[in-house]
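S.K.: Model the following, please.
(chains A and B, ligands or ions: 2)
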Amino acid sequence: MSGGAINDGALATFAEEVGADGPVACVGGRTQWSVGGAVEAGTREVRAPAGIAEYEPAEMVVRCGAGTTVADLDAALGEKSQCVALPAWDGATVGGVLAVGRSGIRRLGYGPVRDTLLEARYVSAEGRLVKAGGPVVKNVSGFDLCRLLVGSLGTLGLLAQVVLRCRPVPAVSRWFAGELDPFELRLRLHRPTSILWDGTTTWLLLEGHPDDVAAQAAFARAPEVDGPPPLPTGGRRSVRPSELRALTGRFVAEVGVGIVHTAEAQPPAALSPGAVELNRRIKHEFDPSGRLNPGRSVLA
Amino acid sequence: MPDALVADLRAALAPERVLAEPLELTLYARDAGIIEGHAHVVCFPLTTGEVQACVRIARAHGRPFTPRGSGTGLAGGAVPVEDPVVIVTTKMDRILEVDEEDRVAWVEPGVLNLDLTHSVAHLGLHYAPDPSSQQSCTVGGNVATNSGGPHCLLYGVTSAHVLAIEVVLADGSVALLGGVDAEPAGYDLRGAFVGSEGTMGIATRIAVRLTPTPPAVRTLLLDFLSVEGAAATVTGIIAAGIVPAALEMMDAEITRAVEDFVHAGFPRDAAAVLLVEVDGLPAGVEAAAQVVADVGRVHGARSTRVAADEAERALLWKGRKSAFGAIARIAPNYYLHDAVVPRTRLVEVLSRVYEIAARHRLVMMNVFHAGDGNLHPLIVFDRRENGVMERVTAAGEEIITACVEAGGVLSGEHGIGLEKRDYMPLIFGEADLDAQARLRHAFDPDGVANPTKVLPAGSRCGDLQRVPEGAWI
Ligand SMILES: Cc1cc2nc3c(=O)[nH]c(=O)nc-3n(C[C@H](O)[C@H](O)[C@H](O)COP(=O)(O)OP(=O)(O)OC[C@H]3O[C@@H](n4cnc5c(N)ncnc54)[C@H](O)[C@@H]3O)c2cc1C
Ligand SMILES: Cc1cc2nc3c(=O)[nH]c(=O)nc-3n(C[C@H](O)[C@H](O)[C@H](O)COP(=O)(O)OP(=O)(O)OC[C@H]3O[C@@H](n4cnc5c(N)ncnc54)[C@H](O)[C@@H]3O)c2cc1C
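M.R.: Ligands and ions are numbered 1, 2, ... in the order given. The predicted structure follows:
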């Protein structure tokens, strides 16, 4: 485990390091550093503490430092046949994945990243440690700041430690592919974990009991393959799932979800004026001086 | 005699959709909890435009507003305080669009939870969050309280099923939060609004996710001679890597009350029963049901009854869902608590909860979502009995404290409202409450949307200038 033991002392040290003045950005694995635009020059960089603080498999929740890599976390959980529904790009950290907020290609089966975060301890723009949410799987005590933090690109607070919901590792997990109608499969199969489509070929990830996986694969008439196709990394677009039917050009689409991976960069998505104003007010409330990740914006 | 506020509202809506007669208003002074407020004027808009008009007129008269659905809330969220204009959404009850392919429905906030599920059943779909009050609560109320239900263990609570919300904000403007595409731009405003209990504006249109009906289902009733055995089974099932669709526990008292009420064949002499449902594809379901039965046996289950068909399954669920009807026959009043503890600490917390009730000489029953550690201690009493309310309140406070001491939280699904507002400092420090107050402030800078709810007075650190900077780090 990288980073070693993580305790309250480590959190306090991180808060001190973030401090209360001057531009500051939190660095994870730097795998998605450009999302939301470049950070202004002269911004101080800090790193969140790493390591697992608490893991009780029978609770199916884990508490860890935000600087822990997803790979390290999954390795530890894997020993108890559990995992977290976070995408694990090489070197990506838990805090980075949550701050970017984008789900991986298993979202159809596992749900979005935002539903994984149960509690967050973050350092505010004032340099104070703040707790959001709680360490249990169901909680409506107060407002849902965790949802707000996921996808906030480190512009509202810097994640120090988080509690995540775990899920059981499925008994089997297999990819299949062929020239199939992905939209038909989406309607006919029960909760496949992923359906990818490039306009010609459909890739299908089936997980669960071996007999169910075999039966669903037979229904789909698709041979097994090694894994998913490489995803174009130039851009990412979000549409209503049924709009995927009309796609042309080079792409890989997440069917049933509505994410399109493209080779070309994509323009930022539009937002209604009312929502833009709320975004502005939230940023102003949480970081009035604009010191957290200056230059970077969730609307870029 | 109608005042100027009432006259303006009547002119903007229609006279018959603005109530101001004292007798009509008593119905809106409380929700299903025990706290009482006072309604001065209650309106029933039909459209987003009319909701905007209500908000603007309230503000023009210097009044706050309180959104209200069916009033089944238990935390006092819809209780009118500070003389608000009460805006009831129950007449906005149309299902606007059902998209079978995207599995999305756009609904107005007054649509009843179960009506939504019934209206899409012919498509093989349903709306997954299933609060026990689903026959009468609104989808808007569910969004505002982030409601849960038995089947939220596997499928997730309301927040996981809401994609977009059209909201009338406190200044009367309209904003669309979230979207029906996968990754709407900006901060997750939708996520921030869900569970805001009417303090961030009024939801006027909601896009919800619809869930396909699973191809296979197994429903099991396990019967135990000790609460400990039942609770250990709960932990054992989760530890074995099974996440059932539902995992509910009923203790001896409630099991007997329910059995006498619905005659579903629940064992009247059990110390506790577990109602477990697993769903999905057939082989996985069979395997999971076997694990559930095995874990139960290891922890002393006396019998395991597997529902043979849909009729038997419906009967078992009828037992679980009739719990509130059943207790109405025992005593006229009840106080339903709601707290969550780590599931590995269920046994210890339950025994403390029983001890607290006994010490206060109160009748208590437990019927709850054991799978996610969501306790619902239910105190039944007769309000007319002298001094009983003091004992009910004192026991409630001790129960909450016990749950928090075990590492739990104040509420799993009913929310904070007025009921638990002043307990918030039990789990949140000043910096934590300040952050929540900032979120609220971004949505409602003047604090006119359902004032005094959720956050205790002084949550905003600015309100407490005299505390030295850094004192609450
Ligand atoms: C186009 C795209 C495609 C993707 N495709 C895949 C894929 O195919 N497979 C997959 O597994 N994953 C994929 N991902 C997700 C990706 O793994 C993570 O989003 C990413 O790795 C972030 O982790 P990091 O540690 O490298 O963060 P960094 O790149 O270091 O930082 C990203 C952002 O998060 C902020 N941040 C980092 N740590 C914190 C913290 N502790 N608190 C607050 N803010 C913080 C940074 O300031 C920065 O703004 C994709 C993401 C994108 C954008
Ligand atoms: C017998 C019984 C069983 C219950 N079981 C459960 C259960 O299993 N799970 C569960 O989660 N809850 C349960 N509840 C609690 C309650 O039913 C839920 O909280 C429900 O979501 C409230 O819906 P409502 O329409 O009655 O809302 P109301 O009680 O009218 O309002 C609740 C809150 O939502 C706000 N609100 C209402 N509509 C809107 C809107 N359109 N926009 C913004 N804010 C709004 C109100 O201001 C208030 O703060 C139960 C209640 C009872 C009486």
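S.K.: which one's the longest helix in chain A?
M.R.: Secondary structure of chain A read by DSSP state H shows that its longest helix is helix A:273-286.
S.K.: does any bit of that helix sit next to ligand 1?
M.R.: No: counting by C-beta under 6 Å from any ligand atom, ligand 1 has no neighbours in helix A:273-286; the shortest distance is 12.1 Å. Every residue, glycine included, has its C-beta placed from N, CA and C.
S.K.: which parts of that helix are buried?
M.R.: With burial defined by 16 or more other C-beta atoms under 10 Å in any protein chain shown, the residues of helix A:273-286 counted as buried are A:G274, A:A275, A:L278, A:N279, A:R281, A:I282, A:K283, A:E285, A:F286.
S.K.: Next: stretch B:374-389.
M.R.: B:N374, B:L375, B:H376, B:P377, B:L378, B:I379, B:V380, B:F381, B:V388.
S.K.: That stretch and ligand 2, any residue contact?
M.R.: No: Stretch B:374-389 does not reach ligand 2 (C-beta under 6 Å from any ligand atom); its nearest approach is 8.0 Å.
S.K.: Contacts for that stretch, please.
M.R.: Applying C-beta atoms under 8 Å, 6 or more residues apart in numbering or on different chains, the contact partners of stretch B:374-389 are A:138, B:34, B:148, B:254, B:323, B:327, B:330-341, B:346, B:349-350, B:353, B:357, B:362-369, B:392, B:395-396, B:399, B:403, B:412-413.
S.K.: So out of everything in the stretch 151-300 of chain A, what residue is nearest chain B?
M.R.: A:G274 (3.0 Å; C-beta to the nearest C-beta).
S.K.: sec struct for the nearest residue to that residue once chain neighbours are set aside, please.
M.R.: Nearest in space to A:G274, with sequence neighbours left out and distances taken as C-beta to C-beta, 6 or more residues apart in numbering or on different chains, is B:A175 at 3.0 Å. Here B:A175 is recorded as strand under DSSP: H, G, I helix; E, B strand; the rest coil.
S.K.: Mind checking which of the buried residues of stretch B:374-389 land in strands?
M.R.: Counting by DSSP state E, the buried residues of stretch B:374-389 place B:N374, B:L375, B:P377, B:L378, B:I379, B:V380, B:F381 in strands.
S.K.: Can you tell me which of the residues you listed is closest to A:A76?
M.R.: B:N374 (27.2 Å; C-beta to C-beta).
S.K.: buried stuff in the helix or strand bottoming out on mean pLDDT in chain B?
M.R.: When each helix and strand of chain B is scored by mean pLDDT, DSSP states H and E, helix B:323-327 comes last, with a mean of 82. Buried residues in helix B:323-327, defined by neighbour count with 16+ other C-beta under 10 Å: B:A323, B:A326, B:I327.
S.K.: After it, which helix or strand is next? Please name it.
M.R.: Note on helix B:323-327: by DSSP states H and E, the next helix or strand toward the C-terminus is strand B:333-336.
S.K.: That next one pairs with which strands, parallel or anti?
M.R.: Using DSSP bridges, the strands paired with strand B:333-336 in its sheet are strand B:377-381 (antiparallel).
S.K.: OK, contacts around residue 77?
M.R.: Here I'm looking at chain A. A:Y55, A:V62, A:C83, A:V84, A:C166.
S.K.: hmm, I had chain B in mind actually
M.R.: B:G77 neighbours (C-beta under 8 Å, 6+ apart): B:D31, B:A144, B:T145, B:E197, B:G198, B:G415, B:G417, B:L418, B:N450, B:K453.
S.K.: possible to save those residues as JSON lines with distance to ligand 2, pLDDT and neighbour count?
M.R.: Putting these into JSON lines (distance: C-beta to the nearest ligand atom, whole Å; pLDDT from 0 to 100; neighbours: other C-beta atoms under 10 Å in any protein chain shown) gives the following:
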{"residue": "B:D31", "distance to ligand 2": "4", "pLDDT": "94", "neighbour count": "25"}
{"residue": "B:A144", "distance to ligand 2": "3", "pLDDT": "98", "neighbour count": "32"}
{"residue": "B:T145", "distance to ligand 2": "4", "pLDDT": "98", "neighbour count": "31"}
{"residue": "B:E197", "distance to ligand 2": "4", "pLDDT": "98", "neighbour count": "26"}
{"residue": "B:G198", "distance to ligand 2": "3", "pLDDT": "98", "neighbour count": "28"}
{"residue": "B:G415", "distance to ligand 2": "6", "pLDDT": "97", "neighbour count": "29"}
{"residue": "B:G417", "distance to ligand 2": "6", "pLDDT": "97", "neighbour count": "26"}
{"residue": "B:L418", "distance to ligand 2": "9", "pLDDT": "96", "neighbour count": "20"}
{"residue": "B:N450", "distance to ligand 2": "5", "pLDDT": "98", "neighbour count": "32"}
{"residue": "B:K453", "distance to ligand 2": "6", "pLDDT": "97", "neighbour count": "24"}
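S.K.: ok, which pair from these is furthest apart?
M.R.: B:A144 and B:L418 (14.3 Å).
S.K.: ok, the spatially closest residue to B:D181 that is not a sequence neighbour - contacts?
M.R.: In this structure, B:D181 finds its nearest non-sequential neighbour in A:S238, 4.5 Å apart by C-beta to C-beta, 6+ apart. By C-beta under 8 Å, 6+ apart, the residues touching A:S238 are A:G258, A:I259, A:V260, A:A269, B:D181, B:A182, B:E183, B:P184.
S.K.: ok, now with 6 Å
M.R.: Residues near A:S238 by C-beta atoms under 6 Å, 6 or more residues apart in numbering or on different chains: A:G258, A:I259, B:D181, B:A182, B:E183.
S.K.: tally of neighbours for the closest residue to the second one other than its chain neighbours?
M.R.: In space, and not counting its chain neighbours, A:I259 is closest to B:A182: 5.1 Å by C-beta to C-beta, 6+ apart. When neighbours are counted by other C-beta atoms under 10 Å in any protein chain shown, B:A182 registers 23.
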